[in-house]
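S.K.: structure for the following, please:
(2 chains)
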Number of protein chains: 2
Amino acid sequence: MSVSQSKFVSYIEENQKKLIDSLAEVVAIPSVSGDASYRQEVFKMGEWLKNKLSSLGADVSTHDLGIQQLDGKEVPLPPVVVGSIGSDSSKKTVLVYGHYDVQPALKSDGWNTEPFELVHDEKTGCLYGRGSTDDKGPILGWLNVIEAHKELGLDLPVNLKFCFEGMEESGSVGLDQFVVKNKDTLFDGVDAVCISDNYWLGTKKPCVTNGLRGIAYFKLSISGPARDLHSGVFGGMVHEPMTDLIKIMSSLVTPQGEITIPGINEQVAPLTDEERKVYDVMDFDIAFVDEATGSQTTVSDNKPDVLMARMRYPSLSLHGIEGAFAEAGSKTVIPRRVIGKFSIRLVPDMDPAKVIECVEKHVESEFAKLKSKNTMKLSPDHPGKPWIADPKHWNYEAAFNATEKIYGVRPDLTREGGSIPITLTFADALQKNVLLLPMGRSDDGAHSTNEKLDLSNYVKGTQLLGTYLYEIAKVAQ
Amino acid sequence: MSVSQSKFVSYIEENQKKLIDSLAEVVAIPSVSGDASYRQEVFKMGEWLKNKLSSLGADVSTHDLGIQQLDGKEVPLPPVVVGSIGSDSSKKTVLVYGHYDVQPALKSDGWNTEPFELVHDEKTGCLYGRGSTDDKGPILGWLNVIEAHKELGLDLPVNLKFCFEGMEESGSVGLDQFVVKNKDTLFDGVDAVCISDNYWLGTKKPCVTNGLRGIAYFKLSISGPARDLHSGVFGGMVHEPMTDLIKIMSSLVTPQGEITIPGINEQVAPLTDEERKVYDVMDFDIAFVDEATGSQTTVSDNKPDVLMARMRYPSLSLHGIEGAFAEAGSKTVIPRRVIGKFSIRLVPDMDPAKVIECVEKHVESEFAKLKSKNTMKLSPDHPGKPWIADPKHWNYEAAFNATEKIYGVRPDLTREGGSIPITLTFADALQKNVLLLPMGRSDDGAHSTNEKLDLSNYVKGTQLLGTYLYEIAKVAQ
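M.R.: The predicted structure follows:
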C-alpha cells in the first residue's frame, strides 16, 4: 500500500464513531419513495446529500425528473443528485451510483427497534435501521472516503462522479432516460462504473458481481365464452379456457426447473471447465437457501448445481392466473377469459427477441394440439436483457486487489439471479465496464424487518471502496 | 278431461288479468335474500304468502330457522311457510315446493324497466320483473290453482301440502335440517313431490325433468417455501409449488372435456339405445348454447353429444388457483402455497365416495411422478350426490299427460347439469318420487337483468300445474 492509502485505511479504522454518526443522521430521514406521504422526506434526503457533497468540495447539481402519479395524487419525482470531484486528465474517472430512497418500514411490521433510528447493538456487532444496508450504508461509504481524504489533506487517486437517485425502490422512474440523455454531458469522460447496491453471496466471504439475469415476462390469454359460465349448466358442453391454459402452462417447465420450450436452452452460453470450478469454492451453502425460503425445497442437494441454477442458467416461473377464481372458498365458475402469467430469467447468450420467438412458436404449437375453439393470445412485456461484464477488465482487477488487501481473501466472482436495471443502462449508454461491489451480507434483510449492516462491513466496506480507487490508479491502463 | 278439470282450465283462461295482478303484487315486494338490508322485505313476502294461503282455506304455519351472519350483521332467517289443504285419505297427497325470495336487482344493472314492478309488454307477450319466473310465477301458479277451485266451488283432486322457503337464492340455509326433522310430522303422508323451479330446455317445447348432476369439489394445495419468493433470486433453485400444481391440474381433463382420472368414467351408467334416441328429438339446438355463452365454443357440433355432455355425463372444470398472483399487471413472485380448485359434476351411477377415492389416488400418483420436495394436500368439500327419479312413476305419467293436454305435445324428459339440493333432500328424507315440472323457458334470464315470464307460460303453466293434479288422481295407484 502507498502511504496515502495506508493513512486512509487507518483514518477509517480510527473514526468509526464518526462513520456511525453519519449513517445515523441519514437513517433518521425516512426517505420512503413508495408512499406519497413520505415524498417530502425523500426530497429532504436529496437535499442533505447535495449539501454534504458540496461541503466536501464536490461540484453538485440536482436534476428534476418531473412528476408521477402515486396513491392517486400527482407528486414530484425526487431529484437525481449528480456530482463530481476532480478533473485531472492523468487520472481515471469513476462513476459511482447509489440510491438514497428506502423501502417502507413501520415498527409494527415486526421491527425490534425503531426502523428510522440507527441502533448499534454491540452484542451482534450490527447497525439496525431502514436503509442501513440498502443503500444508505454504501452511499455513506463513498462520502466517508471523500471526507477522510479531505481531513487528511490528501487528493483522491481518481476523478469521481456521482449519480444518486431517489426512486430505486419504486422502479427508478425516469432514470434511464436521464442517463441516456446526459451521457455526453454529465457523464462524459467516465472510464468505469461502480455500483454498491447488492450483497455478498453468503455471510463470510466478500464477492464482486459481474452478471445479472434479464427477464422476459409473458401474459398468455385464453378467451372463450362472452361471459363467465356456471359449471353445472355448461360444464362438459364447451371448451373451457382454464383447461386450455393449464395444458399450455404445464408444457413450459418441469418440476425440476428444466425449461421445455424448444430453442431456449440451446441459447445458453456453454459451461466451461474453468467456470465450473468457480462454483465449488464459492462461499455458499444449501443451508443458506433453506434458511431464506424457510423450507428444504432446493431442486438439487448439490451446491454447484443450485448456484448455477441461480447465476448462470435461465429459469421459468409460473406466477399466477388473472381472471380465474382466486379467492378462498368454493366457486363453480367457468371463467370466460384467463391470463396465465409466467416469466423466463435470461442469461448470456440469450437474446430476448429470440426467446420471445421461441415462446410464441411453442405456445402456438401447443395450442394447436388442443383443438380448442377458444382463442389464444400471447403478450410479452418489454424484456430486460441479461448483463455480464468482463471480469478481466482493470475495473474488476482493482476490486479483486482491494478486497484482498482489506479482507485478506480473494473475493468470489458472482452473478445475481435478479436484475438491477440501471446496471444495464450504464453499460449500454456509456459503453464502459460496470462493476457491482457490494458492502453488505446476504442476511442483511434489505427489504425486510430489522434491516442491518454489520459494523465491520460498514467499516471494511468503506475501506474497500477507497482502496478500490487506489487500486484503479495502479492497474488501469 | 273431466268436467271439473275443464272448468278449471277455462277459469284460468278467462281470468288472466287476475293472474297478472297477483303476480304484480308479489313482484312488488323486493324479497332479496342475499342482502341484509332487504331482509324485512323477505319477511313481508313470507307473511303475504301465509295470509294468502290462509284466505284460500289452507292450514298454514310458519317456521323459524334461527339467525345467520350476513353483511357483518346477525339477521333472522326468513320463515319456511308450510301449509296443507285437504286430508281425504282416498286422495293422493302431493307436496309442492317453491321459494319466495329473489336475486338482487337494480334498474342501474341494465334493466329496461323497474325490476320490482311487473311490466306486461303486449308486443313481446312477456311479463318483466325480478322473480317473475324465479320463483314467484310458479308459486303463484299453485295459488292460482287453489283460488280457481275455491271460486268455482270445486274440490281439489288431491291433498296438497306446501313448503315455501325464503332462502333459496342464498344457499337454503337451514332447510335441509328442517325437512329431515319434520319428515314424520309436517311432511307425513306425502305420496309424491313436485318442484317448479327450473326451465324448459329451449323456448318452444315443455319438458319434465328427472335428473340433476351432483358435485364433488376439490381443493388441491401445494406448499413449499415458508414465504413468497422473488423469481429473480430463487427462480431455478427451488421446487415451485405453481409448477407442481399446474402439472397435476393438467392431468385431470382434456380440452374436449374427457376426464382423465382413472376409474371415473367407468362409474357412469351405460347409455342405452333407447336413451340415446331421446336426445335426437329434444327441443334443443346448439345455437341455444352459442347464444347463452356468447361464443361458438361447444365441444361438439353434434346436438345429441352436446346434450349428453350436459345431462348424462360427468364434467370436470378447473375453476382457479388461490394463493397465486391473480391481479392485472406483471409480478415476479414464486407463491409459497397455491390451492387449485376444481370440481366434477356427478351423474348416475357415480358414487361420490368412490369418486373422491379415485381423485385422491390419481393426484397422489401424479404428484409422486413429479419428484418434488413440496407438500401436497387434497381437501374434498362435502359432495352432493347426483339425483335421478324414475320417469315411469305415476308422478311423471301425470305430468306427461297433463302437458299433452295443455300444450298438445309430449314433453321432453330432461336432466339438468347443475344441482337443486332440496330435490335430493326431499327424495332422500321422504323416500318419495320427486318431479321437476318447470313453468318458464330457457331464455327467461332467471338471475339476470330483465328477468321475464312469458304470459303464455304463466297461464298455460298454471293450467298445467292444476291439470297435473287431476292426472295424478286418474293414474296414481
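S.K.: how about the contacts made by the residue nearest to A:V338 when sequence neighbours are not counted?
M.R.: Spatially, and ignoring its direct neighbours in sequence, A:V338 is nearest to A:G323 (4.4 Å; CB to CB, 6 or more residues apart in numbering or on different chains). Every C-beta, even on glycine, is put in place using the N, C-alpha and C of the backbone. In this structure, A:G323 makes contact with A:P335, A:R336, A:R337, A:V338, A:I339, judged by CB atoms under 8 Å, 6 or more residues apart in numbering or on different chains.
S.K.: ok, now with 7 Å
M.R.: With contacts taken as CB atoms under 7 Å, 6 or more residues apart in numbering or on different chains, A:G323 has the following neighbours: A:P335, A:R337, A:V338, A:I339.
S.K.: and the helix or strand harbouring the third one, what other elements does it pack with?
M.R.: For A:V338, the host element (DSSP states H and E) is strand A:337-346. When contacts are defined as 3 or more CB pairs under 7 Å, 6 or more residues apart in numbering or on different chains; DSSP states H and E, strand A:337-346 packs onto strand A:214-223, helix A:241-249, strand A:315-322, helix A:352-370, helix B:231-234.
S.K.: and the fourth one, how far out from the chain's middle?
M.R.: Taking CA atoms, centre = their mean, to the nearest Å, the mean C-alpha location of helix A:352-370 is offset from the chain mean by 29 Å.
S.K.: swap in the second one?
M.R.: Its chain's C-alpha centre lies 33 Å from the corresponding centre of helix A:241-249 when counted by CA atoms, centre = their mean.
S.K.: which residues touch the helix or strand following that helix?
M.R.: Using DSSP H and E, the helix or strand that directly follows helix A:241-249 along the chain is helix A:273-281. For helix A:273-281, the surrounding residues in contact (CB under 7 Å, 6+ apart) are A:P304, A:L307, A:M308, A:L413.
S.K.: report the buried residues of helix A:273-281.
M.R.: Across helix A:273-281, burial judged by 16 or more other CB atoms under 10 Å in any protein chain shown covers A:V278, A:Y279.
S.K.: also stretch A:8-21?
M.R.: By neighbour count, and taking 16+ other CB under 10 Å as the criterion, the buried residues in stretch A:8-21 are A:F8, A:V9, A:Y11, A:I12, A:N15, A:L19, A:I20.
S.K.: returning to what we had before: what's the angle between the strand holding A:V338 and strand A:315-322?
M.R.: Strand A:337-346 and strand A:315-322 meet at an angle of 160 degrees, taking axes from the mean of the first three to the mean of the last three CA atoms, to 10 degrees as the criterion.
S.K.: partner strands of strand A:337-346 and their direction?
M.R.: If you go by DSSP bridges, strand A:337-346 pairs up with strand A:214-223 (antiparallel), strand A:315-322 (antiparallel).
S.K.: now do the last one: distance to the chain's middle.
M.R.: Between the centre of strand A:315-322 and the centre of its host chain there is 21 Å, according to CA atoms, centre = their mean.
S.K.: mind checking what helix or strand follows it in sequence?
M.R.: Counting by DSSP H and E, the element after strand A:315-322 in chain order, helix or strand, is strand A:333-334.
S.K.: sheet partners, orientation included, of that next one?
M.R.: Strand A:333-334 has the following sheet partners, assigned by DSSP bridges: strand A:229-230 (antiparallel).
S.K.: nearest to B:L56, of the contacts of A:G323?
M.R.: A:P335 (46.4 Å; CB to CB).
S.K.: hang on, isn't that closest one packed against A:H230?
M.R.: No. With the criterion set as CB atoms under 7 Å, A:P335 and A:H230 do not qualify as a contacting pair; they are 11.5 Å apart.
S.K.: looking at the two, which is more packed in?
M.R.: For the pair A:P335 and A:H230, the greater number of neighbours falls to A:P335 (28 against 15), based on other CB atoms under 10 Å in any protein chain shown.
S.K.: the more buried one: what's it in contact with?
M.R.: A:P335 makes contact with A:D228, A:P241, A:M242, A:G323, A:A324, A:F325, B:G320, according to CB under 7 Å, 6+ apart.
S.K.: OK, contacts around the fifth one?
M.R.: Neighbour list for A:A324: A:M242, A:P335, A:V338, B:H319, B:G320, B:I321 [criterion: CB under 7 Å, 6+ apart].
S.K.: ok, 8 Å please
M.R.: A:M242, A:P335, A:V338, B:L318, B:H319, B:G320, B:I321, B:A326.
S.K.: that one and B:M249, how far apart?
M.R.: When distances are taken as CB to CB, to the nearest Å, A:A324 and B:M249 turn out to be 11 Å apart.
S.K.: joint contacts of those two?
M.R.: B:L318.
S.K.: isn't A:F164 up against A:H99?
M.R.: Yes. With contacts defined as CB atoms under 8 Å, A:F164 counts as touching A:H99 at a distance of 6.7 Å.
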